[in-house]
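Engineer: sequence and predicted structure below; questions after.
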Amino acid sequence: MSTATGYYQTGSSWLHRRNPITKLLGVALALVATFVLPPIVLPVIGLIVVAIAWSTGLGRAIVRALRIPALLLASIVVVNALFFPGATDRLVSLGPLSVTREGLSFGLISAGRVLVSFLVLVTFLFTTLADDLLESLVARGASHRIAFVVLSAVQMVPRMQERAGSILDAQQARGLVVSGSLRQRAKALVPLIGPVLLGSLIDVRERTFALEARGFGARPGRSAYRVVADPPADRWLRLAILLGVVGVVVLALSGVLSR
Amino acid sequence: MSPDGPASITLSGVSVRYAGRREPALRDLDLSVAPGERLGIAGRTGAGKSTLALVAAGFVPRVVRARLTGQASLGDLPLTGSAGGALLGKTGIVFSTPANQLSASKLTVREELAFGLENLAVPRAEMDVRIDAILERLEIGHLAEREPFALSGGEQQRVAIASIVAMGTGVLVLDEPTAQLDPVGTATVGRLLAELAAGGTTILCAEHDPTILGGVDRCLVLDSGAAVTIDRPGRALGGAVLDPIGLTPPTLVRLAEMAGVDPVDAFDEAAIAVGLGATAVRSLAEMTADSRSGSASAAGWSARPGRPQVGIVVDALTHRYATGVEALRGVSLRIDPGEAVAIVGQNGSGKTTLVKHLNGLLRPTDGRVLLDGEDTLAVPVHSLAATVGFVFQNPDDQLFDRSVGREVAFGPRNLSRSPDEIALAVTDGLAAVGLEAQRTTNPYDLDLSLRKLVALASVLAMDPAALVLDEPTTGQDGPGVRRVGAIVDGWVAAGRTAIAITHDMEFAAEHFQRIVVMRAGLVVADGSPALVFAPSNVELLASAGLEPPPAARIGGRLGLGSTPTVKTLLAALSA
Amino acid sequence: MSIDWLTICAEGQSGICTPAIQIAYVAGIIVALVLLVFIAVRSRDFSTATLALIPVAIAINLAVGSLIVTLRLPIYLDSIGTVLVGALAGPWAGALTGILSNLIWSLLPVPGGAGPVAAFFAPVAGVIGLMAGFWAARGVFNLRTDDARIGGFLALAAGIVGAALSFLVIQATIGIPTLGADTTADDQNRFVLTGVVIMAIAVAVAWISRRSAFAFTAEDPRIRPYLTGATALFAFALVFALTRLFLGPTGWFSTIDGSDATFLGGLNLSSLALTDPAGLLVEAGIALLVAAAAVAWARRGDNARFFPVWIGGLTTGLVAAAISAPIAAGVFGGVTGGGTDAVVALFRTLGLNVFQSAFAQGLTSDPLDKTISYTVVFLILGALPLTVRTMFSRGETTIAD
């Protein structure tokens, strides 16, 4: 995985081949359904998402990515299960703490929603190149300057981390202690953050010149080099997804599922 | 594609003063650059080279806030307008830090080249044609599908230049484009500029590097913002012009002057060799007096006595990065106390990886590094800092404090030295790099080359037993290089160890008694400058992307054996 | 039509839920949408320098933020880049930086990246950028210690003090009702009423003092001593509140009475909870000492200049806490998987509900966090070379020489 492409995994599955806008609408549908529909349908949404993710052949990678929110999910469940003021229905008592039914169900629902949203987003990110997504958004009227900012930021992040690494080296070479007591670590903060900020701000000057030299500041029209595939089937798919969003909202407001 | 017709640059009476500065950066400059001409711009750090470059790129006052008086135009277009539209795609500029020259928003070189075309609203169908043409013409076709940030500095600079030329730009301005490149990168950029000029592109190039300056049609020399002279490089870079403003002529020009060669041929090694051979009758004393050229101005470093010396042993060292790259493949070195060692080689040959083991920043994958017999693994990095002082290539990785004086005090303070010791160390360190007057200045108000000296002073102030310098001379003008050289000389004279990574073979040959050549993670040559830069070694050096220093090349042509420095060359001539 | 399950319940019961949270939640979404539309319009005016700066600032946010996440400190410092852009390139550029930072932090494999959590706080980050631009335009980063505009900051500080004092007075006399599932309509009304009264007092204090005590003319000799006094007063209030929180008769130490054998091995620290009035004297004494130190510090050179910076950071932090609380409570049940979770858990054991503990947690870290961020940005801007400063539209007008 290249550092400049984020989570994207090269592939040619049916999901890879969809137009990014189609996939973005799909994400919107899944998120709306997750947060708007009653918790009872959460497992169904989850299963559908997992099935789609698995069909791309990236199932393993997605499962591995689950370690990212693992701590958060556990945290949501545990904190709510143990500390839920007003809850009375104790299930298990562990010394001064006890797991309550209200807390546990609130925690599980919150965690479930976060888990499903995460799966949806990760599946989207694994199969969609940021460059393709932004280029199609620009083609549909989004600002190409904001698109530039996003793409550039995505490439800057790994470089900034590299820079932070060499600053850590360089300051240690001047005798800076970066481990040890909290006081020592706090004292190390300015010598470490200072060069990160100042050095990169100095670079902004040259980067501005480079962009100006390439005509970025001028504003006639703009043409696009990257061609993003938009298969005919995607048109119908997008329509279907939009109808799906309307359907979910109507279903939610009618309250059919909560009775 | 070709530029939109011939483009000339005309400046008349141009003065520039930056907002908030009292002194103007350019004073009353007249200049006329013909279409297709290659103009070099030389001068000391802060002489106004960058400002002139910005004016020629049409950035003043549109992008850079400064007051410009006088007339500056490109053909019949004014360069000083506040809207950039008319100049779009007519003039472009490239600076020294390779990674900053890219748009940082594209995944492949091909798309990077398309970035400017997109902004010019070139139709999609035409883009590929233009990009393919430029890839072929500038011989970078093999890079087309690579990721821009994964390229080497030299490759990035070539892509940056190509992306400007792809826009159909008739004037290309460069501000020290090779300052951060290795000799191979410098050479390829030099060839690229020659190729562009042959194709009709007008080129303005501010540089310190003699290999680039030697190849231009005319050279403008600036001092304190004013033009000193504009002439053929052989004459403009001669002692008569440069000595009064504190710069040293390039070695080849100095030798050409001694040999009485016509300034037109001042960079022609064959002509110089012939001339020198014919003038061998002149007395050696006279010549060596000429060749000293003002090294008295550098203060050097007088070490306080009483520091223990340290010997370094590198034993079968292998290093593999987490990415799987094997940067060192079994390096063994023994560096005795008081030795001065220059490590040379192409970027990526493992030089920096090697020296980062000396103060424990990297841990050996295999093998050992011993400082005075003690394994570096056993000591934390910040404790090793007192023994091995390490000056990084990029000073901006280290500087953060509000004044130069406080910055230099940072190291000794970390080592818990007493206030008196710190005050003395700061004074000595600043004196060594000649920045006493800047003690209260904010480091970031100084030029990059001076910031490098601040970082050097901050390590000197820690008074380590061994000094490691990573590319200490990049971006330094002549006096700056001499200063660093004097510090190394003083350091070694005090019986301490100095190790430097450098791309400057002349600097290596003059100030180091031992040269270590690295190639692909291995040491391929190790010995005195005379041994390593001997004529018989030219092919080995070339395989490591290196070339012997100019004096050695001339000596080789004359069949004088190994003459790595001007001094040894003159001695061999008079013998 | 039934939408009961849509409400975000403060107490987890299945009954009627607190409407205040819902309103705040919807308001958050609306604020985010309005912000996005405005930024999209404003981005057309961004200079190339601004557009080159924003990606770098985003990377700075992430680099510093992920460092702090790895250290599990109860602060974030993930908005330094946002504040920087606000100061150099204006509020809208700042807002864009904040929003994109949080979105990208969620969508990139950054070490310490908190998964999808950060994206939900994007509106908060946007508002932080807006406020940074607002304060920079009002001179937070370039006020001299003899500038008449200092009066505005002193008046604002007086307003904050007025609000805090009236809150304490009301709580001690008539009492402030807590909101919960069993809150009566009467209590709710009283809660809203007290809130309005406190706000009104704050505004009145600020308004009147701005026009009387703090109505300075340029280079007024009173400004410096007033600034010094204000610095001391704030130091006193902060330290007094902190010592009270720990040492007061019902403070934190009083709860550690050894009854919980698992906590610090049943250590009994309740004797450290001092009884009034002796305790009050001790606490005030400590605070006075700190205040005296603050006076000495503020009188040295131009140190008093930091006061407006801190007011900017403090108010930004208060607003950030107020906006992030409903998001934290509504989306994550108050837990974000970061170092601040322990603080949330602590407040919940003290009997606060999800929303209240999320807000209380925000109040303990956000104002401090933003004050530190503003201070760092102030120092960095001071060290920025002129050539870089003058690249940005507001660089010259918002930075001190």
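Structural biologist: Thanks, I have it.
Engineer: now C:G139: closest residue in space, sequence neighbours ignored.
Structural biologist: In space, and not counting its chain neighbours, C:G139 is closest to C:R149: 5.4 Å by CB to CB, 6 or more residues apart in numbering or on different chains. (C-beta placed from N, C-alpha, C; glycine too.)
Engineer: what kind of secondary structure is the closest residue to chain B within the stretch 101-250 of chain A in?
Structural biologist: Nearest residue of the stretch 101-250 of chain A to chain B (CB to the nearest CB) works out as A:G194 at 2.7 Å. Following DSSP: H, G, I helix; E, B strand; the rest coil, A:G194 is assigned to helix.
Engineer: separation between it and C:V64?
Structural biologist: Per CB to CB, to the nearest Å, A:G194 is found 11 Å from C:V64.
Engineer: for B:M167, same thing?
Structural biologist: B:M167 is 37 Å from C:V64, by CB to CB.
Engineer: give the contact list for B:P249.
Structural biologist: Listed by CB atoms under 8 Å, 6 or more residues apart in numbering or on different chains, the contact partners of B:P249 are B:L237, B:G238, B:G239, B:L242, B:D243, B:E257, B:S293.
Engineer: out of these, which is nearest to chain A?
Structural biologist: B:L237 (27.0 Å).
Engineer: and for the nearest residue to A:V249 once chain neighbours are set aside, the neighbour number?
Structural biologist: Excluding its sequence neighbours, the residue lying closest to A:V249 (CB to CB, 6+ apart) is A:V36, at 6.5 Å. Using other CB atoms under 10 Å in any protein chain shown, A:V36 is surrounded by 16 other residues.
Engineer: let me know the pLDDT of A:V36.
Structural biologist: We have a pLDDT of 77 for A:V36.
Engineer: now swap in the one 4 residues further on and tell me
Structural biologist: Predicted confidence (pLDDT) at A:I40: the value is 84.
Engineer: and it, how close does it get to A:S105?
Structural biologist: Following CB to CB, the distance that separates A:I40 from A:S105 is 12 Å.
Engineer: for those two, indicate the residue with more neighbours.
Structural biologist: Applying other CB under 10 Å to A:I40 and A:S105 shows that A:S105 carries more neighbours, namely 18 against 11.
Engineer: what about the stretch 151-259 of chain A, any weak spots by pLDDT?
Structural biologist: A:180, A:182, A:219-220, A:255-259 (pLDDT under 70).
Engineer: same thing with the stretch 101-250 of chain C?
Structural biologist: Flagging of the stretch 101-250 of chain C using pLDDT under 70 yields the residue ranges C:109-117, C:175-185, C:188, C:245-246, C:248-250.
Engineer: helices of that one, start to end?
Structural biologist: Assigned by DSSP state H, counting those that start in this stretch, the helices in the stretch 101-250 of chain C fall at C:117-120, C:122-137, C:150-172, C:185-211, C:223-247.
Engineer: swap in the stretch 251-400 of chain B?
Structural biologist: Under DSSP H, counting those that start in this stretch, the stretch 251-400 of chain B gives helices at B:251-259, B:269-278, B:284-292, B:351-356, B:381-384.
Engineer: closest to A:A213 out of those?
Structural biologist: Nearest of the helices of the stretch 251-400 of chain B to A:A213, taken as CB to CB: helix B:351-356 at 30.1 Å.
Engineer: from the chain's centre, how far out does that closest one sit?
Structural biologist: 19 Å (CA atoms, centre = their mean, to the nearest Å).
Engineer: what of stretch A:210-217?
Structural biologist: The answer for stretch A:210-217 is 31 Å, by CA atoms, centre = their mean.
Engineer: quote the end-to-end distance of that stretch.
Structural biologist: Stretch A:210-217 has an end-to-end distance of 11 Å (CA to CA, to the nearest Å).
Engineer: can you list contacts of that stretch?
Structural biologist: With contact meaning CB under 8 Å, 6+ apart, stretch A:210-217 is reached by A:148, B:57, B:59, B:63, B:84, B:88-89, B:92-95, B:100-103, B:115-116, B:119-120, B:160, B:163-164, B:167, C:47-48, C:51-52.
Engineer: one more: stretch B:22-35?
Structural biologist: By CB under 8 Å, 6+ apart, stretch B:22-35 touches B:6-18, B:39, B:48, B:51-52, B:55, B:66, B:70, B:170, B:200, B:202, B:204, B:220, B:224-227, B:230.
Engineer: could you rerun that using 7 Å?
Structural biologist: Under the criterion CB atoms under 7 Å, 6 or more residues apart in numbering or on different chains, residues B:6-18, B:39, B:48, B:51-52, B:202, B:204, B:220, B:225-227 lie in contact with stretch B:22-35.
Engineer: and the end-to-end length of that stretch?
Structural biologist: One end of stretch B:22-35 sits 35 Å from the other (CA to CA).
Engineer: buried sites along it?
Structural biologist: B:P24, B:A25, B:L26, B:R27, B:L29, B:L31, B:V33, B:P35 (16 or more other CB atoms under 10 Å in any protein chain shown).
Engineer: any chance of the residues you listed in TSV, with pLDDT and secondary structure too?
Structural biologist: As requested, the buried residues of stretch B:22-35 are exported to TSV (pLDDT from 0 to 100; DSSP: H, G, I helix; E, B strand; the rest coil):
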residue	pLDDT	secondary structure
B:P24	92	coil
B:A25	92	coil
B:L26	94	strand
B:R27	93	strand
B:L29	94	strand
B:L31	94	strand
B:V33	93	strand
B:P35	90	coil
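Engineer: kindly indicate which of those lies nearest chain C.
Structural biologist: B:A25 (10.3 Å).
Engineer: just give the closest residue to the closest one, not the sequence neighbours.
Structural biologist: Nearest to B:A25 is B:T51, by CB to CB, 6+ apart, at 4.1 Å.
Engineer: can you pull the contacts of that neighbour?
Structural biologist: B:V16, B:A25, B:L26.
Engineer: and for B:L181?
Structural biologist: Neighbour list for B:L181: B:G153, B:G154, B:Q157, B:V189 [criterion: CB under 7 Å, 6+ apart].
Engineer: the same query, at a cut-off of 8 Å, please.
Structural biologist: B:L181 touches B:P98, B:G153, B:G154, B:Q157, B:V189, B:N347, B:H503, counting by CB under 8 Å, 6+ apart.
Engineer: so for it, what's the pLDDT?
Structural biologist: pLDDT, B:L181: 85.
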